[in-house]
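Asker: next comes the sequence, and after it the predicted model I'd like to discuss.
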Amino acid sequence: MPLGAAPVDPIRSGSTKPNGDEVPGHVPPRPRRTPKRWGQTVRWLILFGGGVLMVMPLVYMLSTSFKYSFEVYNLNLIPEEPTLENYAYVLGDGRFLSWLWNSTFIATVTTISNVLFDSLVGYTLCKFEFRGRGIVFIAILSTLFTLQPGDVILTGTPSGVGPVVRGDSLHGHVAGVGDLRVSVT
């Protein structure tokens with residue numbers, strides 16, 4: 001290397017000839033980094049498990065659509081007696097396209113309004129300091145997670161509990177609230 005010349009990094013620059021001249025256009029391969037195989041494998045397994053958990057409700061819903069009504073509470077993924085009767089009933093009714101349009105319209109309008117207004121509220125809560133900001137934030141969070149009728153069935157009804165029929169009475173106890181009794185009419 002000539003006096004006063006900067007040292008050449010062989011990894012970042014081109015290759016050099018034995019006399020020190022660089023070979024134009026030739027870039028030597030970078031040294032391989034050894035990945036942390038166990039950590040990467042664990043991450044991929046966690047991601048795969050999360051993906052399966054997200055897709056399983058859709059698979060179960062599709063599977064249930066091929067079951068007769070008496071078989072719906074059977075948790076088998078593959079129906080014992082598969083049927084297309086449910087599809088024939090819904091598509092033969094004639095109102096399905098109307099239902100599909102209404103659902104699509106409502107979902108689109110709701111999504112657009114939520115994105116618009118929630119981004120405005122999020123910006124306000126993030127950028128401005130005002131009295132009661134924490135209370136507003138908690139109030140917004142508390143409205144995100146409300147239970148609707150039927151959520152108990154979707155979130156895990158214990159085995160042996162069938163559908164609730166007219167005349168049944170449901171009893172429960174909530175700590176801090178007391179006993180709750182509901183009669184089905």
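Answerer: Good, I have the coordinates. Numbers count the residues shown, from 1 in each chain.
Asker: so after the helix or strand of the chain with the lowest mean pLDDT, what's the next helix or strand?
Answerer: Ranked by mean pLDDT, DSSP states H and E, the helix or strand of the chain with the weakest confidence is helix 151-156, at a mean of 53. Tracing the chain past helix 151-156, the next element assigned as helix or strand by DSSP states H and E is strand 169-174.
Asker: give me the residues contacting that next one.
Answerer: Here strand 169-174 makes contact (CB atoms under 8 Å, 6 or more residues apart in numbering) with Val164, Asp179, Leu180, Arg181, Val182, Ser183, Val184. Yep, even glycine has a C-beta here, placed from its N, CA and C like the rest.
Asker: excluding its backbone neighbours, what's nearest the fourth one?
Answerer: Read that as Arg181. Nearest residue to Arg181 in three dimensions, chain neighbours excluded: His171, at 5.4 Å (CB to CB, 6 or more residues apart in numbering).
Asker: roughly how far does that neighbour sit from Leu47?
Answerer: Noted for His171: a distance of 42 Å to Leu47, by CB to CB, to the nearest Å.
Asker: ok, the residue nearest to Arg181 to Gly178 distance?
Answerer: According to CB to CB, His171 and Gly178 sit 12 Å apart.
Asker: what of Val184?
Answerer: Taken as CB to CB, the span from Val184 to Gly178 is 20 Å.
Asker: ditto for Ile140
Answerer: With CB to CB as the criterion, Ile140 and Gly178 are 28 Å apart.
Asker: compare those two and say which is more crowded by neighbours.
Answerer: Neighbours were counted for Ile140 and for Gly178 using other CB atoms under 10 Å; Ile140 has more, 13 against 8.
Asker: tally of neighbours for Tyr123?
Answerer: Neighbour count for Tyr123, taken as other CB under 10 Å: 10.
Asker: I'd assumed Phe137 was in a strand, is it?
Answerer: No. Counting by DSSP: H, G, I helix; E, B strand; the rest coil, one finds Phe137 to be helix, located in no strand.
Asker: residues near it, how many?
Answerer: Using other CB under 10 Å: Phe137 sits among 13 other residues.
Asker: equivalent analysis for Lys67, please.
Answerer: Neighbours of Lys67 using other CB under 10 Å come to 20.
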